Every structure is written in C-alpha cells, then in structure tokens.
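> Dropping the sequence and predicted coords here.
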Amino acid sequence: MQASIPNASIHPMPISAETLRLLGHASTATLTTQLFKRGLRNVFIQGVRRMSRAGSAMVGEAFTLRYIPAREDLDVVSVFENPEHPQRKAIETVPAGQVLIMDCRRDERAASGGSILISRLKVRGAAGIVTDGGLRDSVAISAMDFPVFGAGGSAPLNLAIHHAVDINVPIGCGGVAVFPGDVIVGDGEGVVVIPAHLAEELARDAAEQEVMEEFVTQEIAGGRPLPGTYPPNAETMARYRRWREERDKKPT
C-alpha cells in the first residue's frame, strides 16, 4: 500500500483579509526574496506573463485545474454540454476571491480558456486566472480589467491538446508545485506561489522589506554608494530608523 504524503500547505483556517491585503501590496520580487530567505527557491511560475490590461495586483488562494494530453475519442466538442466537464465545472465553482490556476504542462499549442470563460470568472468574483498554457481571444483579453496570466495567445480550442481531469488537486504550473489554498500573487513581473502556512509571516516581513527598500532607493538616488547602503550597515540602519520614525509621524 502506498503511504500518503502529508500536504504542508493544508491550513485549518482561511487566509485573513489583512494578510491578503499586505501580500497584494508587495511586489513579486520582494515575495520571492522573502521565500528565498526561508529556503524556497522554485516559487516563480515560468513562461507566464500578464495578458490583460495592467492594473492592481492579483492575490488570492489557489483553486486548481489539471489537464493531461488530449485523446481524440474522448475530447470532442459535445463534452462541453456536460456541466460536470472539469473545465466548465471549475469556472462555475471557483470560490469568489480565489485564483483559478491551471496545469497545462507548459503546452501552449492550444487554449486552456478564452474571453467568455474569463468573463464568467470575473462576474463570479474570482481574483484572477493563471495558466502555463495558451489562451484564445487574446486581443479581447488584453482589454480586460481582470488579472489574466498565461503563456500567450493560442487559437485552437483546448480539446485539441488538453484533457481536463481534476479540480482542486496538487498541480504543477510553469514548473512550480501548487497546492489548493496556496496564495497566488501576480503583478507586472509575473506570478509567485506562496505556501499557505507561510502567508501570514511572509506578508508581515514583505511589508517591512518594501518600506526599507523605499528608504534605500532614496539613499541611492541621493548619491550613497552601494557598499554599506544595500545591504544596509549599522549606520544606514540608524538613518533608516530615524527616517521611519519621521515617516510614521506624518498624517496618512
């Protein structure tokens, strides 16, 4: 009998709204740095870019969909008439505020969705969509005010290459392991996957790093050299603490 493997990403409570808010204000660069400090190096989804109109960051818990290679006797257009078809069911059941993230095996020869399905996700209140496969209707998607991340445009429908099999199971997307409930954050740089059990502490430390880097950027722009400034030495940290105190005194 095969032993079960515990899922470290399973968490008893939903991610708090404050944690999601803080993560949504941190760049993926900051978040990957924080994850690197904790020993996690493979967290940035490869080959995926924002395909919709630039806007606010995407942040939400992962709701997953897994594809395997298509088979001609099974993947015919009539399968979409069945509301239990995994792709269609995923669109209709992803909870509001969560990100639909799809495993297409990095195969962008066919679309894993298109503008109609994505419009339905938006109306249902999803936080965004991520796929390491292609998306059709890319011109329409580029005008959407909704976070859409994919490998690029691809006209053929998904049945040509992909067979949808599982919803809300562990997947791989762009070479990164994704477990249901992990936190997915996307910005202009790309998409990062945060294990759920690290989300709260990561959000706190990322917020502090963002403030520190705001100060360091000002220091560098003012002529300070890199040595002793980035990373900061004791003298720079003392200046930072004084700057932070003055900053915190100002009315918001």
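Yep, it's here. Bear in mind that the values here come from a model prediction, so they are computed numbers and not experimental data.

> count of neighbours near Thr229?
Neighbour count for Thr229, taken as other CB atoms under 10 Å: 17. To be clear about C-beta, it is placed using only N, CA and C from the backbone, and glycine gets the same treatment.

> tell me the phi and psi of the nearest residue in space to Ala127 that is not next to it in sequence?
Leaving aside its chain neighbours, Ala127 sits nearest to Gly60 (3.1 Å; criterion: CB to CB, 6 or more residues apart in numbering). Backbone torsions for Gly60, taken as degrees, to the nearest 10, come to phi 180, psi 160.

> Please apply the same query to the one 4 residues further on.
For Thr64, the backbone dihedrals (degrees, to the nearest 10) come out as phi -100, psi 150.

> What is the burial count for it?
For Thr64, the neighbour count with other CB under 10 Å is 27.

> Contact partners for it?
100-103, 166-171, 178-180 (CB atoms under 8 Å, 6 or more residues apart in numbering).

> Of those residues, which is the most crowded?
Most surrounded of the contacts of Thr64: other CB under 10 Å gives Ile101, at 31 neighbours.

> hang on, isn't that one packed against Ala62?
Yes - under the criterion of CB atoms under 8 Å, Ile101 is in contact with Ala62, at a separation of 5.1 Å.

> what touches both of those two?
Residues touching both Ile101 and Ala62 (CB under 8 Å, 6+ apart) are 178, 184.

> thinking again about what came up before, among the contacts of Thr64, which lie within strands?
Mapping the contacts of Thr64 onto strands (DSSP state E) picks out 100-103, 166-167, 171, 178.

> how about JSON lines for the residues you listed, with pLDDT and distance to Phe80 added?
Formatted as JSON lines, the ones in strands among the contacts of Thr64 follow (pLDDT from 0 to 100; distance: CB to CB, whole Å):
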{"residue": "Leu100", "pLDDT": "98", "distance to Phe80": "17"}
{"residue": "Ile101", "pLDDT": "98", "distance to Phe80": "21"}
{"residue": "Met102", "pLDDT": "98", "distance to Phe80": "16"}
{"residue": "Asp103", "pLDDT": "98", "distance to Phe80": "20"}
{"residue": "Asp166", "pLDDT": "96", "distance to Phe80": "18"}
{"residue": "Ile167", "pLDDT": "98", "distance to Phe80": "16"}
{"residue": "Ile171", "pLDDT": "98", "distance to Phe80": "22"}
{"residue": "Val178", "pLDDT": "98", "distance to Phe80": "25"}
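
> Residues in contact with stretch 181-191: which ones?
9-11, 15, 19-20, 23-24, 26-29, 31, 44-45, 48-50, 54, 57-62, 99, 101, 127-128, 130, 147, 149, 174, 178, 192-196, 199.
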